[in-house]
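Q: sequence and predicted structure below; questions after.
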Amino acid sequence: MASHINIFESVRANKIKSWLLFIFFIVLIGVLGALFGIFLGSMYLGLAIALIIGIIYGLIAYYSGDKMILSMSGAKPVTKKEYPHLYHTVEGLSLAANIPVPKCYVIDDSALNAFATGRDPEHASITVTTGLMNVLNRQELEGVVAHEMSHIKNFDIRMMMLAAVLVGIVTLMSDFMLRSFIFGGHRSDDRKDMGQLGLILIVVGIVLAILAPFIAQLIKLAISRKREFLADANGALLTRYPPGLASALEKIKKDPDPLVDNANKATAHLFISTPFRKTKSFVASMFATHPDIDERIRRLKAM
């Protein structure tokens, strides 16, 4: 029972941390929108622009994001006859997770990796590389699929799509703000009417407009790293066997060629491990889409 208690504590802690990061993300959007509005002469106008951009971006990502991701990744739908073991694993774990059976896709790539996508459990899919299926044993594959199943059950993909949308909003608003300041600006008499406080707010807004895209990207990556820990813990709950996923991650860590050919920065956070060649530095860790794989393995072994 002790190990189960540790798993539940890990799940609860990561959920809290993820939502705190996400709330901070929303606050950043609100502050930027308000300052942008003040710059334009109306705080409500800035907030309205942020809302309109958010709705447009959100609708596109919500209804077509998964199709674009699968297409960009070179994923191909497969049948139960082609990959019976993969299908049986996905079907069994979907019953354990109490969600509809996700569609199965395969990427013809020697790298050991996998990802899930879809706006909700009813429109979800799990994609694995051929390299992963060739190297992992049954328990290890179950651990990986359970990890991806947990992303689906926890609505992580929707959350990360929304985070990506918010990054887009921040970037667009920052660009509008900077362009308005450089090319439009305020007339000198307008600046006098605004008073000292108004001018200070505009200066703060300009500084924030420059820094906001960088801050937003860091927050998005931080959310992604927290959701990976959560999916590890939930995946261990589904299989009731944390060593399976831990062993799979050890093999993924030792992959001599981890580069997934069709992966890019927009889709990297979806994979169970970074699909790029790993580099170790402080800057690299700040911009990492995934937490340190050794720490993930350590936590799983401690469960």
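A: On my side now, so go ahead. Residues are numbered from 1 along each chain as shown.

Q: show me the shaky parts of this protein.
A: With pLDDT under 70 as the threshold, the chain has low-confidence stretches at 1-11, 13-15, 17-18, 21, 181-199, 201-202, 205, 277-287.

Q: let's go with 50 and repeat that
A: Judged by pLDDT under 50, the chain has its weakly predicted residues at 1-5, 187-189, 191.

Q: so which elements touch the longest helix along it?
A: What stands out as the longest helix in the chain, according to DSSP state H, is helix 188-239. Counting by 3 or more CB pairs under 8 Å, 6 or more residues apart in numbering; DSSP states H and E, the packing neighbours recorded for helix 188-239 are helix 2-40, helix 84-97, helix 138-153, helix 156-179, helix 242-253, helix 293-302. The C-beta positions use only the backbone N, C-alpha and C, and glycine is treated the same way.

Q: tell me the angle of it relative to helix 293-302?
A: 40 degrees (axes from the mean of the first three to the mean of the last three CA atoms, to 10 degrees).

Q: just how off-centre is helix 188-239 within its chain?
A: 16 Å (CA atoms, centre = their mean, to the nearest Å).

Q: tilt between that helix and helix 242-253?
A: Inter-element angle recorded for helix 188-239 and helix 242-253: 120 degrees (by the same axes, to 10 degrees).

Q: that older thread, any idea which of the helices and strands packed on helix 188-239 is most buried?
A: Taking mean count of other CB atoms under 10 Å as the contact definition, the stretch among these with the greatest mean neighbour count is helix 138-153, which reaches a mean of 24.

Q: so what secondary structure elements neighbour that helix?
A: helix 84-97, strand 114-118, strand 124-129, helix 130-135, helix 188-239, helix 242-253.

Q: out of the ones you listed, nearest to F22?
A: Nearest to F22 among the helices and strands packed on helix 138-153 is helix 188-239 (6.1 Å), distances taken as CB to CB.

Q: if we can go back for a sec, could I get the helices and strands packed on helix 138-153 as CSV with distance to L28?
A: CSV is the format used below for the helices and strands packed on helix 138-153 (distance: least, CB to CB, whole Å):
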stretch, distance to L28
helix 84-97, 33
strand 114-118, 26
strand 124-129, 29
helix 130-135, 36
helix 188-239, 6
helix 242-253, 32
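
Q: E148: which of those is closest?
A: If you check each of those against E148 by CB to CB, strand 114-118 wins as the nearest, at 3.9 Å.

Q: pipe the helices and strands packed on helix 188-239 into CSV and attach distance to F229 per row.
A: Below are the helices and strands packed on helix 188-239 laid out as CSV (distance: least, CB to CB, whole Å):
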stretch, distance to F229
helix 2-40, 5
helix 84-97, 18
helix 138-153, 11
helix 156-179, 11
helix 242-253, 12
helix 293-302, 7
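
Q: no further queries at this time; thank you.
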